[in-house]
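**Q** Give me the fold of what follows.
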Amino acid sequence: MSERILIVEDEFLVAADLQDSLERLGYTVVGTADDAQQAIELAHDEKPDLALLDVRIRGHIDGIDLSAQLDIPFVFLTAHADAATLDRAGDKAPFGYLLKPFDERELQATIAMAMRRYRADQDHKKMARWLSTTMECLGEGVIACDAEGRTTFINTAAQRMTGWPRREALGQLLHDILDLGTNQPRPAIDQLYDKARSERIVVHFQGELPPVASGSRPLPVAGSFAPIKEGSSSIGVVALLRDRTTEVEEEARQREVEGRIREAQRLQSVGVLAGGVAHHFNELWQTVMRDLNLARHNLPPDSAVLHQLARIEEIGEHGTNLSNQLLAFSGRSVPRPEELELNRFVLDNVELLRVLLPSEAELILALDEQPQHIRFDRGQLQQVLVGLVHNAGDALLGNPGTVTLSTSRTTVSELRHTLRGGVGLRGDECAVLSVIDSGTGIADDVLPSIFDPFFSTRGPTRGLELAAIDGIVRNHHAAIGVRSQLGKGSTFNVYFSNSELDTVRNSPTLAYRASRVLVADDDSSVRATLGAILTDWGAIPELCSSGLEAIAAVSRASWAYDLALIDLTMPEMNGLETGARLRALAPQLKVGLMSGYDDTSAMSAFGEHGLNLYIRKPFSRKEVRSKLESALPGNGGETRSSVF
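**A** All right, here's what the predicted structure looks like:
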């Protein structure tokens, strides 16, 4: 297809001769113009493929200035070859240049070369547009620089990441745009840039870009510098930026999960130890209590020794409270949750709480107007409330101050990443009990350890209170959190699911009279104590020192026994296995468990075999009688007085 050509020449004879030559060469001349206005109109109407422009034409706009207004390739025609004219013409980037006079072969070669250059230029521009569009569509930031490190291209993603608009970024040095703060100072950026360009290798980096707006956070990025190669040298560098926000958040979440796992493992290990200590203490104290009661029973009412015995019993009660706190921390204290209204519960305990606080402290209530219904063990919730208020009073260090009790509601989704525990919270909305003091506050380095058992900054006699509270809260599938600032006080928040806690199965009510009771315990003092209590109560005890001995007794007469009381931890065969074997031999037999543990998992496991009652050591005569009366209604009354 022959090219369509526009001639712009103000000398009529030259224009006519040029038209004849072009037509002989097979080109189509779409028109001839002698001034700029006429040329612009013809170019618009005819849309030629090429314009031949005389440098000197009629009017105040010459051919050089006219070329800037034409959107078609052009070749300059002139009889003037002075340096000034050539410089002006060269600035317009013509596709050819013909000096008059010229012959047809020269004219043809110049036009052919101009069209090739034009098509190549169009292909180049098309490719550039394609690349530019591709760069703009990338989610990663792209910044291109020349050999001096000045920006020649920046895509939309990079503008968003750096906060630099394109019009301001172009021409700026790369280290001004890529301000990566202390992670990569400006000299380091220049070094990385020079390394990529001079060694012609890809260089990776990582850091944070400053906030692009007031109130926003620094942007974590990772990226690389890649050389722009031309032959054996590098003419620039391309910087690629990747937003690491999601990656950093995922790393933080992973660290949090790993931390929670480590904390759970640590608490489990410490809990096993604490529960074991409490169990053995309770076993030992049961023997002490038996001998103490026997001694008291055998002394006259006016004996001076009774005072010492009362003191021993008082100290023992403190020890029992300590072991109960250990059990609470270990999560082995079985909760008896019931429906509670949190505001009413706080009000019912106000007088008790006032007594706990020093006289300089003011107790303030800020209770929510709406009821806060939760399920929690009443006694253990009181222990949590008393412990937190006691801790708040201590934080005042004898100075005047306030302790505020407040209730409120919040959502679990907003709190889950800040809570200690909390994975057991049900639903999205939860009730909050807050204990706020205006005391000294807790140092940041101390805060992570305050729930550890035996950790205290207030002397060697403290250290289990918060640990026990933490255990109680976790055992109820609730959560606890604390905020504190030195000199400004602390806030302890306990989060409860709204009446969605799992309930602990109560022992079923037994419907028939029982009078023959099998006792299996490897501790002779426990067997003797229970034998005396059962005899006093009117039952017929049979005492066994092991699970195997109990199984042998039931095997001989499976119909003879109405209740079996079994110790959880016995050698050779534990209480769980013994109970299961006894139930297999005598399906009608009621089974009770005894232990120094208040063990939730054991209760659950035994529940599968029909556990009828549970007695925690050390036990009192009154407690055992209450359990027996519930399990064996209608049994005969006491036959003689008892000291237990």
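**Q** can you give me the strands in the stretch 101-250 of the chain?
**A** Along the stretch 101-250 of the chain, counting by DSSP state E, counting those that start in this stretch, strands occupy 141-146, 151-154, 203-209, 219-230, 233-243.
**Q** in its sheet, what does the fourth one sit against?
**A** This points to strand 219-230. Applying DSSP bridges, strand 219-230 is found paired with strand 203-209 (antiparallel), strand 233-243 (antiparallel).
**Q** before we move on, back to that, how about CSV for the strands of the stretch 101-250 of the chain, with mean neighbour count and distance to Arg483 added?
**A** Backbone N, C-alpha and C define where each C-beta goes, glycine included. CSV is the format used below for these (neighbours: other Cβ atoms under 10 Å; distance: least, Cβ to Cβ, whole Å):
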stretch, mean neighbour count, distance to Arg483
strand 141-146, 22, 38
strand 151-154, 20, 43
strand 203-209, 18, 27
strand 219-230, 19, 26
strand 233-243, 19, 31
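**Q** Out of those, which is closest to Ala553?
**A** Counting by Cβ to Cβ, Ala553 lies closest to strand 219-230 out of the strands of the stretch 101-250 of the chain; the figure is 71.3 Å.
**Q** hang on, the earlier thing: nearest to Lys92, out of the strands of the stretch 101-250 of the chain?
**A** So among the strands of the stretch 101-250 of the chain, strand 151-154 is nearest, using Cβ to Cβ, at 22.4 Å.
**Q** Can you give the contact residues for that closest one?
**A** Applying Cβ atoms under 8 Å, 6 or more residues apart in numbering, the contact partners of strand 151-154 are 132, 135, 141-146, 162, 164, 166, 169-174, 177, 236.
**Q** what about it, distance to the chain center?
**A** In terms of Cα atoms, centre = their mean, to the nearest Å, the centre of strand 151-154 is found 38 Å from the chain centre.
**Q** mean confidence score for that strand?
**A** Taken as a whole, strand 151-154 has a mean pLDDT of 91.
**Q** Each with direction, which strands does it pair with?
**A** strand 141-146 (antiparallel).
**Q** Output the strand it pairs with as CSV - backbone C-alpha positions only.
**A** Below are the C-alpha coordinates for strand 141-146, written out as CSV (Å, rounded to 0.1, in the frame of the first residue of the first chain):
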residue,chain,number,x,y,z
GLY,A,141,5.4,-1.0,44.0
VAL,A,142,7.8,-0.4,41.1
ILE,A,143,10.3,2.5,40.9
ALA,A,144,12.7,2.9,38.0
CYS,A,145,15.8,5.1,38.2
ASP,A,146,18.5,6.3,35.8
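**Q** same question for that strand, mean pLDDT?
**A** Average pLDDT, strand 141-146: 90.
**Q** From the rest of the structure, what touches that strand?
**A** Identification of contacts with strand 141-146 by Cβ under 8 Å, 6+ apart yields 135, 151-155, 157-162, 169, 174, 177-178, 193, 221, 223, 228, 235-243.
**Q** what would the strands paired with strand 219-230 look like in JSON lines with mean pLDDT and distance to Glu360?
**A** Formatted as JSON lines, these follow (pLDDT from 0 to 100; distance: least, Cβ to Cβ, whole Å):
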{"stretch": "strand 203-209", "mean pLDDT": "86", "distance to Glu360": "48"}
{"stretch": "strand 233-243", "mean pLDDT": "88", "distance to Glu360": "54"}
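**Q** In JSON lines, list these along with distance to Ile57.
**A** Shown next, in JSON lines, are these (distance: least, Cβ to Cβ, whole Å):
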{"stretch": "strand 203-209", "distance to Ile57": "54"}
{"stretch": "strand 233-243", "distance to Ile57": "39"}
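**Q** among those strands, which is nearest Gly26?
**A** strand 233-243 (41.4 Å).
**Q** rewinding a little: wait, which of the strands of the stretch 101-250 of the chain is closest to Gly59?
**A** For Gly59, the closest of the strands of the stretch 101-250 of the chain is strand 151-154, at 38.1 Å, according to Cβ to Cβ.
**Q** and Ala392, how many neighbours?
**A** Ala392 has 28 neighbouring residues, counting by other Cβ atoms under 10 Å.
**Q** thought it was touching Val403?
**A** Yes: at 4.5 Å, Ala392 counts as touching Val403 under the criterion of Cβ atoms under 8 Å.
**Q** so what pLDDT did Ala81 get?
**A** Looking at Ala81, its pLDDT reads 66.
**Q** Then Thr32?
**A** Predicted confidence (pLDDT) for Thr32: 93.
**Q** if I look at it, how far off is Leu13?
**A** From Thr32 across to Leu13, the span is 12 Å (Cβ to Cβ, to the nearest Å).
**Q** Please pull up the helix or strand immediately following the helix or strand bottoming out on mean pLDDT in the chain.
**A** Among the helices and strands of the chain, strand 420-421 carries the lowest confidence by mean pLDDT, DSSP states H and E, at a mean of 54. Next helix or strand after strand 420-421 toward the C-terminus (DSSP states H and E): strand 429-437.
**Q** Need the residues touching each of Ala392 and Val403.
**A** Shared contacts of Ala392 and Val403, counting by Cβ under 8 Å, 6+ apart, come down to 357, 435-437.
**Q** And the furthest pair within those residues?
**A** Greatest spatial distance among the shared contacts of Ala392 and Val403 (Cβ to Cβ): Leu357 and Ile436, at 13.2 Å.
**Q** picking up where we left off before, tell me the least confident of the shared contacts of Ala392 and Val403?
**A** Minimum confidence in the shared contacts of Ala392 and Val403 sits at Leu357, scoring 89.
**Q** Out of the strands paired with strand 219-230, which is closest to His307?
**A** With Cβ to Cβ as the measure, strand 203-209 is the member of these nearest His307 (71.7 Å).
**Q** in a helix, that's where Ser303 is, yeah?
**A** No: membership of Ser303 in a helix is not supported by DSSP: H, G, I helix; E, B strand; the rest coil, which gives coil.
**Q** For it, give me its contacts.
**A** With contacts defined as Cβ under 8 Å, 6+ apart, Ser303 has no neighbours.
**Q** pLDDT below threshold where in the stretch 351-500 of the chain?
**A** The model of the stretch 351-500 of the chain has pLDDT under 70 over residues 413-424, 426-427, 453-464, 499-500.
**Q** could you show me where the strands are in it, in order?
**A** Assigned by DSSP E, counting those that start in this stretch, the stretch 351-500 of the chain shows strands spanning 361-366, 373-377, 401-411, 420-421, 429-437, 479-485, 489-497.
**Q** Determine which of those approaches Met289 most closely.
**A** Checked against Cβ to Cβ, the stretch from the strands of the stretch 351-500 of the chain lying closest is strand 373-377, at 24.7 Å.
**Q** what sits up against the host helix or strand of Leu42?
**A** Element membership of Leu42, judged by DSSP H and E, is helix 36-46. With contact meaning Cβ under 8 Å, 6+ apart, helix 36-46 is reached by 4, 6, 8, 30-31, 33, 48, 51, 53, 57, 59, 61-62, 65-66, 69-72.
**Q** change it to 7 Å
**A** 6, 8, 30-31, 33, 51, 57, 59, 61, 66, 69-70, 72 (Cβ atoms under 7 Å, 6 or more residues apart in numbering).
**Q** circling back to that earlier point, make JSON lines out of the shared contacts of Ala392 and Val403 and add distance to Val482.
**A** Compiled in JSON lines, the shared contacts of Ala392 and Val403 are given as follows (distance: Cβ to Cβ, whole Å):
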{"residue": "Leu357", "distance to Val482": "19"}
{"residue": "Val435", "distance to Val482": "10"}
{"residue": "Ile436", "distance to Val482": "11"}
{"residue": "Asp437", "distance to Val482": "11"}
